[in-house]
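Undergrad: coordinates for the following, if possible.
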Amino acid sequence: MSALKPNQSAGDDSPKVRSHLANERTFLAWLRTGVGMMAFGFLVARLRFEVDHPSATAAKEVSKAEWVGGTFTALGIAAVIFSTYRYFVVREQIRSDTYTPAGAYLALLGVLVILLGLGIIAFIAGII
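TA: Down below sits the predicted model:
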C-alpha cells in the first residue's frame with residue numbers, strides 16, 4: 001500500500017503523479033524486456049541443433065549457440081541494471097523538475113539487439 005500525503009487523494013491526477021506512474025510503467029516494461037532477453041538467451045544456449053550427422057561441426061554449432069545465448073542473457077542483465085538505475089535517476093529528476101531523456105543509452109541498446117539479431121540470422125543461415 002502506497003503512502004499518500006495528507007492533502008493528496010488516491011485519485012490525484014496531478015502532472016507529477018502521472019509522471020511518476022509513467023516512470024514506474026516504463027521501469028516495469030524494461031524489466032519485462034530484460035527478463036525476456038535472458039529467457040531467450042537461455043533458450044538459445046540450451047537448444048541443441050542437430051545437423052545431418054553429428055560430428056565436430058555439431059560441437060562448433062553448440063558452442064556458437066551458447067555464445068549467442070550467453071550474449072543475449074548478458075544483454076538482458078544489462079537492461080535490468082540500466083532500467084533500475086534509470087528509474088531512480090528519473091524519479092529524482094521528476095521530483096526536482098530537471099528531467100532529461102536518455103536517448104544515447106537507448107540507442108546503444110537498440111544497436112546491440114539489432115547486431116545480435118543479425119548474428120542469429122547469420123548463425124541460422126550457416127554463414128557463421
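Undergrad: and the residue most central in space within the chain, what helix or strand is that in?
TA: What sits nearest the mean C-alpha location of the chain, by C-alpha atoms, centre = their mean, is residue 34, with 3.1 Å. Here residue 34 sits within helix 15-46, counting by DSSP states H and E.
Undergrad: pull out the buried residues from that helix.
TA: Using 16 or more other C-beta atoms under 10 Å as the test for burial, helix 15-46 gives 19, 23, 27, 30-31, 33-34, 37-38, 40-41, 44-45. Bear in mind the C-beta positions are built from the backbone N, C-alpha and C, glycine included.
Undergrad: for stretch 92-105, same thing?
TA: So, applying 16+ other C-beta under 10 Å, buried residues of stretch 92-105: residue 94.
Undergrad: contacts only, for residue 79.
TA: 30, 33-34, 37, 109 (C-beta atoms under 8 Å, 6 or more residues apart in numbering).
Undergrad: can you redo these as TSV with pLDDT and distance to residue 92?
TA: Below are those laid out as TSV (pLDDT from 0 to 100; distance: C-beta to C-beta, whole Å):
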residue	pLDDT	distance to residue 92
30	92	17
33	92	23
34	93	22
37	91	27
109	77	22
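Undergrad: that older thread, which among the buried residues of helix 15-46 gets closest to residue 81?
TA: When these are compared for distance to residue 81 (C-beta to C-beta), residue 34 wins out at 8.4 Å.
Undergrad: so how far is residue 107 from that closest one?
TA: Remark: distance between residue 34 and residue 107 (C-beta to C-beta, to the nearest Å) = 17 Å.
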